[in-house]
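Enquirer: Build me a structure from this.
(one chain, ligands or ions: 1)
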Amino acid sequence: MFHLLCNRVSNTAPVRPLYSRLNKTQDIWRQPRLRLYTSQCVSAGKASGQPSNIAGHIWGLAQRTVRQSSCRKIRLPWGGGLQFILGPLVLTLSARLLGNVAYCQADVNNNILLELQAKETEPEFDWNILWEFVKPQLFSLLGAVVLAFGAAILNIQIPLMLGNLVNIVARYMREHTGDYMREMRGPALKLLGLYGLQGLLTSGYIILLSRVGERVAADMRKTLFQSLLRQDVAFFDANRTGMLVNRLTGDIQEFKSSFKLVISQGLRSVTQTVGCFVSLYLISPKLTGMTVVILPCLVGAGALIGSFLRRLSRLAQEQVSKATGVADEALGNVRTVKAFAMEDPDIDIIKLYAWEVDKSCEMNESLGSGIAVFQGMSNIVLNCIVLGTIFAGGSLMAGDEMSPGELMSFLVASQTVQRSLASISILFGQMVRGLSSGARVFEYLSSEPSIPLSGGGRIPAKSLTGRVDFMNITFSYPTRPGQPILKNFNLIIPPCKTVAIVGESGGGKSTVASLLERFYDPSSGVIMLDGLDIRTLDPSWLRGQVIGFISQEPVLFCSSVMENIRFGKPEATDAEVIHAAKQANAHRFITGFPDGYNTLVGERGVTMSGGQKQRIAIARALIKNPSILILDEATSALDAESERVVQEALDKATIGRTVLIIAHRLSTIQRADLICVMSNGRILEAGTHIELLSKGGLYADLIRRQRSEGQK
Ligand SMILES: Nc1ncnc2c1ncn2[C@@H]1O[C@H](COP(=O)(O)OP(=O)(O)OP(=O)(O)O)[C@@H](O)[C@H]1O
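Expert: Numbering: from 1, shown residues only. Sure, this is the predicted structure:
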């Protein structure tokens, strides 16, 4: 959704960057939300010599809009001055011409809000995938369907049997002959039996269906989780974690509820509607004729209001999720919140949360009022129908065309039809929502990573020496295809040698490491490992056994120290874990904890110091005895003492391995066999520390700068 807020207030502060953003069409469409002040455009237009009329700017934007988005709804503007309406009108018309949507609205201050809504391409629901999940539960599902069908058939019998009882009572009251109790006992017991059987069938199908629903949902969750973890890194660059987690939770929950409801209620409602209509017709074709005209109109009106209320309810739910999102972000990053003293009620995040909560409260209040009015009206209408049926049925009874029992049966059956039709209309909406939730879940089940985890790639028979060749690599991140990060990058790392990459921030150093780990594939060029193109090797084997990676901020999982180290080699014995911890200088501090290796590290390792976390991460990398070790700024987040202990561990760890070090602090890489200075995706200088210093180039300059910063 994109917002353009055209404001009369002249505010020229961030004019230039805004105008250039406006001109970068590509960027605009990647913005999740864009607010643009017309006055700023105009001033910016003047400042940069561009045409300065508002409509001209909006027209230009409109043209780009309609080319690049597809929209669904159009609402014409209201309020606002003519000149401000002109722009939205142009936009709206052009959007209409090209089948796009623009939403324009002016507020009391004459701000005009243009909302361009890009059509989200909804994934298609794949019935084959559903079938795969349902297949193992087929017997339970068929059982549930049969029981639900049986319960519905019995439900059709009930009005007829009730009518029969009423007829007995009416006859007895009229004639006062025969044994009332004896006459009533048989049909009453039959009805009781029917109620009992119907209750049993209902419990049976609900038990079976909830079992099917829960098992299908659990299988879906497990498969989706596996499938998400299988995706490549580029997938996670493009998709927000919160949204993915929502597919695992909210979407599967919604699908499960719809699945259960549509099968149980849907089957029951359709059977009951058809069956009861037949009963109604058999009881009184005349009264049925009247019902056939009135009922669908009422149900149609009810469905319309119902769909409006459901829309309100969806919007209110979305609003609650927005508020939850704000809270989630703040609570998830509580340390940053505390560090910036953001607990103050006047701070933006608290105000934002309060604003979102107030908005959701308002929406829920409107929804509550809507539901209350709807239910009140429904009660009146339904009671009027009963009254009308008694009125019309009474006149038929007076003409001896209907017995009191038949009227009773008719009333009960017509109420059943009303309830069933109403539930079908609700179920239809539920089914649509369930299908779209299911489609969102299935979308990722069937999406294949462009770099598969394993399979296809080979695992060399002989052990590797660890020689790495980057040959003429050009690379752009998939989320920014137009921005090459590495350009004809060449680097040879001989076996068991240490190569360090240094240089300006954003120069592409970590990108080199990501390519070696095969998190991404280069756009062109080849990375060779012992003379083999890494694209031909099994990626899981490459990451799991060949390359060890230690980053600046190691992530530990919320389990014991032992399990965290074993994460590097799941089949490792306790002795191997302890050996790796000793190599990483971690054994002493781990055994110092009261619970030793069973100490829990807390969420993301919060109960460990930076240096301790780093040494556990080193042990985790060493336990798999990798031929290649990548150290991405491994000591830069540590204080001097921790750095000394960790560096000692690293010095031991690097012996006999090929090592790629990415470093900011040049003091840590002076003993490297080769130091490469990188800038803007290219290596500009390479040599040993001594060679580069004597050359007096970029490296010498960096060293000089770091020394003078250190002295300050
Ligand atoms: N996942 C990503 N998607 C898109 N662009 C990215 C991604 N990761 C990094 N970049 C961009 O690639 C460029 C190089 O980033 P990289 O992390 O390789 O630099 P670096 O030299 O390691 O920087 P630093 O020293 O600050 O860590 C930067 O412009 C960065 O914005």
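
Enquirer: residues contacting Arg433?
Expert: Glu254, Ser258 (CB atoms under 8 Å, 6 or more residues apart in numbering). No exception for glycine: its C-beta is placed from N, CA and C like everyone else's.

Enquirer: can you confirm it is in a strand?
Expert: No. Under DSSP: H, G, I helix; E, B strand; the rest coil, Arg433 sits outside any strand and is assigned helix.

Enquirer: ok, now which residue in the protein is the farthest from the centroid?
Expert: Residue distances from the centre of the chain (CA atoms, centre = their mean) peak at Thr177, which lies 72.0 Å from the mean C-alpha position.

Enquirer: Does that residue belong to a helix, a strand or coil?
Expert: coil.

Enquirer: quick one: pLDDT of it?
Expert: pLDDT, Thr177: 75.

Enquirer: Tell me the residues of the protein that contact the ligand?
Expert: Counting by CB under 6 Å from any ligand atom, the residues of the chain close to the ligand are Asp237, Tyr477, Thr479, Arg480, Ile485, Ser505, Gly506, Gly507, Gly508, Lys509, Ser510, Thr511.

Enquirer: From those residues, list just the buried residues.
Expert: Burial by neighbour count, judged by 16 or more other CB atoms under 10 Å, picks out Tyr477, Ile485, Gly507, Gly508, Lys509, Ser510, Thr511 from the residues of the chain next to the ligand.

Enquirer: I'd like those residues laid out as a markdown table, including pLDDT and secondary structure.
Expert: Shown next, in a markdown table, are these (pLDDT from 0 to 100; DSSP: H, G, I helix; E, B strand; the rest coil):
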| residue | pLDDT | secondary structure |
| --- | --- | --- |
| Tyr477 | 90 | coil |
| Ile485 | 91 | strand |
| Gly507 | 87 | coil |
| Gly508 | 89 | coil |
| Lys509 | 90 | helix |
| Ser510 | 89 | helix |
| Thr511 | 92 | helix |
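
Enquirer: Just give me the closest of those to Leu352.
Expert: Tyr477 (30.2 Å; CB to CB).

Enquirer: I'd say that closest one and Gly508 touch.
Expert: No. Using CB atoms under 8 Å as the test, Tyr477 is too far from Gly508 to be in contact (10.5 Å).

Enquirer: who touches both of those two?
Expert: Ile485.

Enquirer: can you give me how far stretch 652-660 is from the chain middle?
Expert: Its chain's average C-alpha position is 40 Å from that of stretch 652-660, according to CA atoms, centre = their mean, to the nearest Å.

Enquirer: ok, and what's touching that stretch?
Expert: 466-468, 493-501, 512-513, 516, 583-585, 618, 621-622, 626-631.

Enquirer: Just the buried subset of these, written out for PyMOL, thanks.
Expert: To isolate the buried members of the contacts of stretch 652-660 in PyMOL, using 16+ other CB under 10 Å:
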select buried, resi 466+467+468+493+496+497+498+499+500+501+512+513+516+583+584+585+618+621+622+626+627+628+629+630+631
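
Enquirer: got a list of what the residue sitting nearest the centre point of the chain touches?
Expert: A centroid search over the chain (CA atoms, centre = their mean) returns Met243, at 1.9 Å, as the residue closest to the centre. Going by CB under 8 Å, 6+ apart, Met243 touches no other residue.

Enquirer: And it, which helix or strand is it part of?
Expert: Assigned by DSSP states H and E, Met243 belongs to helix 241-246.

Enquirer: Please work out the average pLDDT along that helix.
Expert: 76.

Enquirer: Tell me which residues of the helix or strand that comes right after it come out buried.
Expert: On the C-terminal side of helix 241-246, the closest following helix or strand by DSSP H and E is helix 252-261. Neighbour-count burial for helix 252-261, counted by 16+ other CB under 10 Å, picks out Ile252, Glu254, Phe255, Lys256, Ser257, Ser258, Phe259, Lys260, Leu261.

Enquirer: Then stretch 567-584?
Expert: Across stretch 567-584, burial judged by 16+ other CB under 10 Å covers 567-569, 572, 576-584.

Enquirer: Let's see the distance spanning that stretch from one end to the other.
Expert: Terminal residues of stretch 567-584 are spaced 15 Å apart (CA to CA, to the nearest Å).

Enquirer: How about residues contacting it?
Expert: Counting by CB under 8 Å, 6+ apart, residues outside stretch 567-584 touching it are 548, 557, 561-562, 565-566, 587, 590, 597, 615-616, 618-624, 649, 652-653.

Enquirer: what's the answer for stretch 610-622, then?
Expert: Defining contact as CB under 8 Å, 6+ apart, one finds that stretch 610-622 is touched by 548-551, 554, 556, 561, 564-565, 567-568, 577, 580-581, 583-586, 589-590, 601, 605, 608, 629, 634-635, 637-639, 641-643, 645-646, 649-650, 653.

Enquirer: Next, work out how far apart the closest residue to Met363 other than its chain neighbours and the ligand are.
Expert: With CB to CB, 6 or more residues apart in numbering as the criterion, Met363 has its nearest non-adjacent residue at 4.0 Å, and that residue is Ala316. Plainly put, Ala316 is 35 Å away from the ligand if you go by CB to the nearest ligand atom, to the nearest Å.
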